[in-house]
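Peer 1: fold the following and give me the result.
(2 chains)
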Amino acid sequence: MAYYICNLKIHPRFLLLTFPLLTVMCSLCSALYFHIGETEKKCFIEEIPDETMVIGNYRTQLYDKQREEYLPATPGLGMFVEVKDPDDKVILSRQYGSEGRFTFTSHTPGEHQICLHSNSSKFALFAGGMLRVHLDIQVGEHATDYAEIAAKDKLTELQLRVRQLIEQVEQIQKEQNYQRYREERFRQTSESTNQRVLWWSIIQTLILVAIGFWQMRHLKSFFEAKKLV
Amino acid sequence: MQGFGVAILTQVIWAQLLLLGWARASELTFELPDNAKQCFYEDIIVGTKCTLEFQVVTGGHYDVDCRLDDPDGNVLYKEMKKQYDSFTFTASKNGSYKFCFSNEFSTFTHKTVYFDFQVGEDPPLFPNENRVSALTQMESACVSIHEALKSVIDYQTRFRLREAQGRSRAEDLNTRVAFWSIGEAIILLVVSIGQVVLLRSFFSDKKTTTTRVGS
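Peer 2: Predicted coordinates:
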């Protein structure tokens, strides 16, 4: 299949190749950004089911006091990315440049923590200013690049749409499964609280009664010894 | 002829750029320490419809202050101590919009805040989708299923956050019950033994004074 624009045959492959390139470039053109200090560590939490792919793109800019604006990426300014799984085990710990892309797939369901902090080699670079970080994190179905899949498997438009629907439904299925696991944990916690309250009230009553007996007996023997009773 | 084709292609690429430039959705969950304020910025083109939705997942009374400013510093949205809210607006100016979450009213509770900032509509699946031809019935059915599934995923996310909130409260309660029951058992023992010892000490002192007076 080819597209015809003004009697000129344009191969769709060209368009489909530029699309992912522009997606990567432009996903950071107007992405969300925030400011981070030199030694500051910013962490984000992603609660995801297992076997879910997460793609993160970031881009940094440094404030130039002379020009009073944010300069584009300075070489030599790196960001350290650390990803921890729900059991606090580090699954990704790498240093990237001033612009980078990190990917990981979750193997256990739960809260994953993505932490970023700058690893500036020259402290003078910051000079008390702030670093502007553009960040974009895409999870699960949003992380798939449909243009790439269409080009690789040579799908028609309808086939690609159905593929997208399949991916969405799979994500919903995974989330529902995870929801079942979470509900089980919630139920276990509630039942444990219930048990604890029950046992504690019984034990407290027993302790009170036992202490009462002990006090009376001890004082009685004490007063008998002192010949007051 | 070749040059004209290239010119058209360049225009298509710029159109892609524009489409991608103003269709974004960022959702993040982050921890807000006590007495802290966290601000996020986004560059928006005039006329784009944007939605900011946030929810407090864990921490204290599950409330946070939120504030949304336009590029000139005018306040578009300001709410104090809100648990969950959704705000839609259309950008009236080009520039960088700023929204901040503040936990400055809290002295010792960390809060976990989730927010979803949607800018513009979702990008189409194909770059030249709307330009080639109208959608067939199958394709429009696919589009409506896609929209419905998107709202299902949205509801799932909200449900997941509510469940996380409930679960964190239950786990908090569990640990509090454990600590309190152990603490109270210890206090009971200490107080009862203390009472006996104190009582004994009263009688011991009287006895020594009476014997001295006697002799």
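Peer 1: and the longest helix seen in chain A, how far out from the chain middle?
Peer 2: Ranked by residue count under DSSP state H, the longest helix found in chain A is helix A:157-225. Relative to its parent chain, helix A:157-225 has a centroid offset of 26 Å by C-alpha atoms, centre = their mean, to the nearest Å.
Peer 1: cool, stretch B:178-198 as well?
Peer 2: 41 Å.
Peer 1: tell me the secondary structure for the spatially most central residue of chain A?
Peer 2: Chain A has A:Glu46 as the residue nearest its centroid, 2.7 Å off, counting by C-alpha atoms, centre = their mean. What DSSP: H, G, I helix; E, B strand; the rest coil gives for A:Glu46 is strand.
Peer 1: list the residues that contact it.
Peer 2: Residues in contact with A:Glu46 (C-beta atoms under 8 Å, 6 or more residues apart in numbering or on different chains) are A:54, A:111-114, A:137, A:139, B:29. In this view, the C-beta of every residue, glycine as well, is placed from N, C-alpha and C.
Peer 1: buried subset of these?
Peer 2: Buried members of these, scored by 16 or more other C-beta atoms under 10 Å in any protein chain shown, are A:54, A:112-114, A:137, A:139, B:29.
Peer 1: need the max-distance pair from these.
Peer 2: A:Gln113 and A:Val139 (13.9 Å; C-beta to C-beta).
Peer 1: packing partners for the longest helix of chain A?
Peer 2: Other elements packing on helix A:157-225 under the criterion 3 or more C-beta pairs under 8 Å, 6 or more residues apart in numbering or on different chains; DSSP states H and E are helix A:146-153, helix B:137-214.
Peer 1: quick one: buried residues of the first one?
Peer 2: Which is helix A:146-153. Buried residues in helix A:146-153 (16+ other C-beta under 10 Å): A:146-147, A:149-151.
Peer 1: just the closest of the residues you listed to A:Gly100, please.
Peer 2: A:Ala147 (21.7 Å).
Peer 1: per-residue pLDDT, the closest one?
Peer 2: A:Ala147 carries a pLDDT value of 80.
Peer 1: cool, and B:Ile8?
Peer 2: pLDDT, read off for B:Ile8, is 56.
Peer 1: just list whatever residues bridge to residue 101.
Peer 2: Looking at chain A here, since you left the chain open. A:Asn57 (DSSP bridges).
Peer 1: not what I meant, chain B
Peer 2: Bridge pairing for B:Phe101 - DSSP bridges - gives B:Gln38, B:Cys66.
Peer 1: how about A:Lys42?
Peer 2: A:Leu116.
Peer 1: so who does it touch?
Peer 2: A:Lys42 makes contact with A:34, A:36, A:115-117, A:133, B:30, according to C-beta under 8 Å, 6+ apart.
Peer 1: closest to B:Lys49 among the residues you listed?
Peer 2: Of all those, A:Phe34 has the smallest distance to B:Lys49: 22.9 Å, by C-beta to C-beta.
Peer 1: ok, and the closest non-adjacent residue to the closest one?
Peer 2: Counting by C-beta to C-beta, 6 or more residues apart in numbering or on different chains, B:Phe40 is the residue found nearest to A:Phe34 once chain neighbours are left out, at 5.0 Å.
Peer 1: helix/strand/coil for that neighbour?
Peer 2: strand.
Peer 1: tell me who's in contact with it.
Peer 2: Neighbours of B:Phe40 in contact, by C-beta under 8 Å, 6+ apart: A:32-34, B:98-100, B:115, B:117.
Peer 1: ok, now A:His142?
Peer 2: Contacts of A:His142 by C-beta under 8 Å, 6+ apart are B:Ala25.
Peer 1: from A:Gly140, how far off is the residue nearest to A:Phe34?
Peer 2: Distance, B:Phe40 to A:Gly140, by C-beta to C-beta, to the nearest Å: 22 Å.
Peer 1: equivalent analysis for B:Leu52, please.
Peer 2: 22 Å.
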